[in-house]
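In: Curious how this folds, go ahead:
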Amino acid sequence: MNFIELHNQNKPLLIANVWDAKSAIAAQQAGYQALGTSSAAIADTLGYEDGESISFDELFYIVTRIKSVTNLPLSVDVEAGFGDTAEEIIVNLKRLIQVGIVGINLEDSKVVDGVRHLNDATEFACKLEEISAALSHENNPLFLNVRTDTYLLNHEHALEETLLRGQLYEAAGANGLFVPCLTLEHDIETISKSSNLPLNVMCMPELPTFERLGMLGVKRISMGNFLHSVLQSNLSELMLTIQSQQSFAGVFVDERS
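Out: Numbering: from 1, shown residues only. Sure, this is the predicted structure:
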């Protein structure tokens, strides 16, 4: 089953969001069907803030290490594309295609001076159309999962704006629509029915169960950086325990149980 077919199963595709080779191996061993990188998790492991603070070359190196240890389909979160123009973004995407990447997440917002701003929908759609056309012209297959940050940025009319952007992005060549922070069942169902694009939602505390999401029309579920954040929190707690107890006893608790 190829990456496109994974978005048309009877139940949503659960993407394992990974950030290094070890997390990719763990996901493959756990039986996941596909992997996606988490931009926030990768940035954090390298000591950066999220929002293209890292260079594309740094991201590319991490991606190649992940790809070297797994045969699962791998989609890469390229944030805003690491380029100001469609041409610059296309160059980056072709590099990813050359190492076997099957999909990307491309977002319609950009971080400027530490603040994320939603891009103009029409301007972004034009850039997306140029990217899609260039890849198609050279027969470079890539699943373009377009992320709209209408809910993440608490747009005043988030549902209506998402419906508009979904239509624009579908016409511009998107293969999927990713709406992080979307949790309301009514909105999820409305968006999924309004577009032919597979709808992708993300891990959130209020997110319905996977079974319920499937009934609402969701085709893909992402973890974001939440799994990585939990592991980092556990690591911090363990470091504090060793320091406060002046002992390594806490490290071996699981081995004694």
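In: And stretch 212-226, end to end?
Out: The straight-line separation of the ends of stretch 212-226 (Cα to Cα, to the nearest Å) is 21 Å.
In: which parts of it are buried?
Out: For stretch 212-226, the buried set under the neighbour-count rule, 16 or more other Cβ atoms under 10 Å, comprises 213-214, 216-226. The C-beta positions use only the backbone N, C-alpha and C, and glycine is treated the same way.
In: tell me the centre residue of the protein?
Out: Centrality entry for the chain: nearest residue to the mean C-alpha point is D77, 5.0 Å, by Cα atoms, centre = their mean.
In: Hmm, it is touching L35, no?
Out: No: here D77 does not reach L35: they are 11.0 Å apart, not a contact under Cβ atoms under 8 Å.
In: how near is G47 to E58?
Out: For G47, the distance to E58 under the criterion Cβ to Cβ, to the nearest Å works out to 11 Å.
In: ah, wrong one, I meant L163
Out: Note on L163: its distance to E58, by Cβ to Cβ, is 36 Å.
In: ok, those two, which is more surrounded?
Out: Remark: of L163 and E58, L163 carries more neighbours, 17 against 14, as counted by other Cβ atoms under 10 Å.
In: List the contacts of the more buried one.
Out: Counting by Cβ atoms under 8 Å, 6 or more residues apart in numbering, L163 touches 190-191, 194-195.
In: any chance of those in a markdown table, with distance to I97 too?
Out: As requested, the contacts of L163 are exported to a markdown table (distance: Cβ to Cβ, whole Å):
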| residue | distance to I97 |
| --- | --- |
| T190 | 34 |
| I191 | 29 |
| S194 | 30 |
| S195 | 25 |
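In: any idea which of those has the most stuff around it?
Out: I191 (25 neighbours).
In: SS state for that residue?
Out: Secondary structure for I191, judged by DSSP: H, G, I helix; E, B strand; the rest coil, is helix.
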